[in-house]
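Engineer: A predicted structure for the sequence below; I have some questions about it.
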Amino acid sequence: MRHLTPINKKARHIAETTDQDVVALQGGPLTTPSGPHIPLGCTFVFSPGWETDASGGTAGLCQPVERDLFDCHITCFWPAHVPDLYNYAPDWTGKCASAQKDWRKIDLIFP
Amino acid sequence: MTLLRRGEYHAFDADGAPYVYLVPSAGVFRLDDTSVAVLDALGEQDLEPNELVRGLSDRFPVSDLRATVEDLLNVRALRLVDRPVEAPVASPPRKRIPLTTLVMNVTSKCNLACTYCYEYGEDKIVEASRKPRFMNEETARQSVDFMFAESGDSPMVHLTFFGGETLLNFKVLKSALAYAKERAVTLGKTVDTSLTTNATLLREEIIDWIVENDVGVTVSMDGGREQQDRFRVFSNGMGSYDVVLPNIRMLLERHRRRPVGARVTLTKQNLDVESIYRHLRDEIGFWEVGFAPVTTSWQRDYAIQEDGFEAMLGQFQRLADEFLQYALAGKHHGFSNVRDTLEEIHKGMSKAYPCGAGLGLMGVATDGDVALCHRFAGSDSHKIGSVTGGVDRGKQEDFLMKHHIANKTDCSTCWARPLCAGGCYHEAHTRYGASERPNLHYCEWIRRWTDTCLQVYGTLAERRPEYLAQFDA
């Protein structure tokens, strides 16, 4: 946390909790479980799924891996590898109500 | 594509630096230039992160902006529109909170006749006529037993004597305290004692007892002669100032081990906070002075009206500023309203309930009925048990559900709710006839006062953090 300075006790606690999350993802073992990790988009908060989950393993990865693709589509403004859904493929996910169940229905997009 | 939205926080400046007070976490963070710019640029609108970052990219490096957005999201000063905000749920504490303070109303009689008295004055809720006027020794002993029984594994309990005029029942005070000390030794606990008095009956024998037993004393007093004698009168109308002054001087001179505080009731007619403070702190020598607006229904002659609250705030702010200057210089200042709030800010308290009433604090009426607090003690409709029968857990839980901050819809958008949580139940009961109602008549006042205290806090955190270390214990 570089842009905010925790001042009171609660703020320090919040900062520690947040920092701890990042430490875990860097590979350090967690001594206490920090509760469920909620992916918030890969560029804002490190979204587990690409390499390791919050505990450093792979068992808790977003599943299926296609979920990662969907994560970028929904929460991420980074136009990495999702189709351009404003101009060419607005209905890209039209048949995919739930990523976990319907990921097979996501259309292939040919530029 | 997701949008960013302002999270819940109150921005304030202290000593020239920008801060946010986060709600409901009650975390206080200092902002840097980038984070101020991000929050300002977003304002009240919803923006795509890209757009937000692009708009500021001529002033800050993009990587810094992204990291700032991430930081702000982490502490929830920002949120993503499509992530639902968790709705607060009223959930009483999962573990039973031990009783740490028992307030014993040892008598409902008073030798003064202050018209504004919430206890037995015009707005009283206590059915005093149907209850014994004095608590007897047996009930007092049972109250002590109740206190220890309810204190769970807490190593320390606070026993507070209250009234009426507490000292009218000195005999029972003496025996109750002796018994409490004896029980404490047997149980391996510590008992801390305090009392509130109008000081009219303080005499040498009583002061000896106070000193000997290390009893904390709070004196109800309204200021100088003119201020005191306006409402704090004997039943024949005679003012009490000249009676209490020599007693208080004797107490202050003899009772050196514990700070003696004054507690002032502010009314429409008595709002000169600064002169009251000067008199009580500087001239009489109280260690600290706490102020509270009179609890009353709005139509009473002494009820503080809108303009009165405004005037009171200005004076509170000036005294708070003086408090800050003293604290920066490492000196004690006796304006206890600031100190209490600073401690709550420092700890980051985010309250589900405005106070400990019905949880860690309860009040006992003269007949042994247990109520939420001393202000409700003796009111049958607020009874939650008795010292012989224990706490009615059903009633307690019911009370806790009904009064939880999550059920105070009016408070759900207020940034001051972590500290205020709707305010005093008794005040709400007097004003609106329902203890679960938030005290809407002083919301704006509370917000501005909290803002003042946050500024004092930020300045101290920056310039004299060692002052705040006292709250770490």
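Structural biologist: Arrived safely. Remember, predicted model here, so these are calculated numbers, not experimental data.
Engineer: How many residues are close by the residue of chain B at minimum distance from chain A?
Structural biologist: Residue of chain B nearest chain A, by C-beta to the nearest C-beta: residue B:348 (2.2 Å). Just so you know, the C-beta spots here come from the backbone N, C-alpha and C atoms, and that holds for glycine as well. Per other C-beta atoms under 10 Å in any protein chain shown, the neighbour tally for residue B:348 reads 22.
Engineer: For it, which non-adjacent residue is spatially closest?
Structural biologist: What sits nearest to residue B:348 in space, not counting adjacent residues and going by C-beta to C-beta, 6 or more residues apart in numbering or on different chains, is residue A:10, at 2.2 Å.
Engineer: got a list of what the one you found touches?
Structural biologist: Contact analysis of residue A:10 by C-beta atoms under 8 Å, 6 or more residues apart in numbering or on different chains lists B:25-28, B:347-348, B:350.
Engineer: The same query, at a cut-off of 7 Å, please.
Structural biologist: B:25-27, B:348 (C-beta atoms under 7 Å, 6 or more residues apart in numbering or on different chains).
Engineer: Quick check, pLDDT for the one residue in chain A that gets nearest to chain B.
Structural biologist: With C-beta to the nearest C-beta as the measure, residue A:10 is the residue of chain A nearest to chain B, at 2.2 Å. Looking at residue A:10, its pLDDT is 93.
Engineer: For the helix or strand harbouring residue B:11, list every residue counted as buried.
Structural biologist: Assessed by DSSP states H and E, residue B:11 sits inside strand B:9-14. Neighbour-count burial for strand B:9-14, counted by 16 or more other C-beta atoms under 10 Å in any protein chain shown, picks out B:9-12, B:14.
Engineer: Tell me the residues of chain B that contact chain A?
Structural biologist: Chain B comes close to chain A at residues B:1-2, B:19, B:25-32, B:34-35, B:48-50, B:66-71, B:73-75, B:80, B:345-348, B:458, B:461, as judged by C-beta under 7 Å from any C-beta of the partner chain.
Engineer: Show me just the buried residues among those residues.
Structural biologist: B:1-2, B:19, B:25-32, B:34-35, B:49, B:66-71, B:73-75, B:80, B:345-346, B:348, B:458, B:461.
Engineer: Inside strands: which ones of those residues?
Structural biologist: Among these, the members found in strands (DSSP state E) are B:19, B:28-31, B:80.
Engineer: Check pLDDT for those residues and point me to the minimum.
Structural biologist: Lowest confidence among those: residue B:80, with 89.
Engineer: Return the strand holding residue B:11 as CSV; C-alpha atoms alone will do.
Structural biologist: In CSV, the C-alpha atoms belonging to strand B:9-14 read as follows (Å, rounded to 0.1, in the frame of the first residue of the first chain):
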residue,chain,number,x,y,z
TYR,B,9,-16.0,7.6,3.5
HIS,B,10,-15.7,11.0,5.0
ALA,B,11,-12.9,13.1,3.7
PHE,B,12,-11.3,15.6,6.0
ASP,B,13,-8.2,17.8,6.3
ALA,B,14,-6.0,17.9,9.4
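Engineer: Could you tell me the average pLDDT over that strand, please?
Structural biologist: 98.
Engineer: now swap in stretch B:152-167 and tell me
Structural biologist: Computed over stretch B:152-167, the average pLDDT equals 95.
Engineer: do stretch B:394-414 as well
Structural biologist: In this model, stretch B:394-414 carries a mean pLDDT of 93.
Engineer: residues in contact with residue B:320?
Structural biologist: By C-beta under 7 Å, 6+ apart, the neighbours of residue B:320 are B:335, B:338, B:452-453, B:456.
Engineer: Over to residue B:140?
Structural biologist: Residue B:140 neighbours (C-beta under 7 Å, 6+ apart): B:104, B:106, B:172, B:175-176.
Engineer: Could you rerun that using 10 Å?
Structural biologist: Neighbouring residues of residue B:140 by C-beta atoms under 10 Å, 6 or more residues apart in numbering or on different chains: B:104, B:106, B:134, B:161, B:169, B:171-177, B:179-180, B:364, B:366, B:368, B:387.
Engineer: so how far is stretch B:168-177 from its chain's centroid?
Structural biologist: 27 Å (C-alpha atoms, centre = their mean, to the nearest Å).
Engineer: Pull out the buried residues from it.
Structural biologist: Result for stretch B:168-177 [16+ other C-beta under 10 Å]: buried residues B:168-170, B:172-177.
Engineer: Among those residues, which lie within helices?
Structural biologist: Mapping the buried residues of stretch B:168-177 onto helices (DSSP state H) picks out B:170, B:172-177.
Engineer: Closest one of the contacts of residue B:320 to residue A:96?
Structural biologist: Nearest to residue A:96, judged by C-beta to C-beta, of those is residue B:453 at 51.2 Å.
Engineer: re earlier: just checking, the residue of chain B closest to chain A touches residue A:14?
Structural biologist: Yes. Here residue B:348 reaches residue A:14: they are 8.6 Å apart, a contact under C-beta atoms under 10 Å.
Engineer: any common contacting residues for the two?
Structural biologist: Contacts common to residue B:348 and residue A:14, judged by C-beta under 10 Å, 6+ apart, are A:6, A:8, B:22, B:25-27.
Engineer: And the helices in the stretch 251-400 of chain B, which stretches?
Structural biologist: For the stretch 251-400 of chain B, the helices defined by DSSP state H, counting those that start in this stretch cover B:273-277, B:306-328, B:336-347, B:393-402.
Engineer: Adding distance to residue B:228, write those helices out as TSV.
Structural biologist: Listed next are these as TSV, based on distance: least, C-beta to C-beta, whole Å:
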stretch	distance to residue B:228
helix B:273-277	9
helix B:306-328	18
helix B:336-347	19
helix B:393-402	36
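Engineer: Let me see the contact set for residue B:191.
Structural biologist: Contacts of residue B:191 (C-beta under 10 Å, 6+ apart): B:102, B:144, B:147-148, B:151, B:156-159, B:177, B:180-185.
Engineer: what's the closest non-adjacent residue to it?
Structural biologist: Distances taken as C-beta to C-beta, 6+ apart put residue B:184 closest to residue B:191, at 4.3 Å, once the chain neighbours are dropped.
Engineer: since we're on residue B:250, how many residues are nearby?
Structural biologist: By the measure other C-beta under 10 Å, the count of residues near residue B:250 is 15.
Engineer: Hmm, it is touching residue B:260, no?
Structural biologist: No. Look at residue B:250 against residue B:260 with C-beta under 10 Å: they stay out of range, at 11.3 Å.
Engineer: what touches both of those two?
Structural biologist: Here residue B:250 and residue B:260 have residue B:199 as joint contacts, going by C-beta under 10 Å, 6+ apart.
Engineer: How many residues are close by residue B:189?
Structural biologist: If you count neighbours by other C-beta under 10 Å, residue B:189 ends up with 17.
Engineer: Surely it touches residue B:158?
Structural biologist: No. Between residue B:189 and residue B:158 there is no contact, the gap being 11.2 Å when judged by C-beta under 10 Å.
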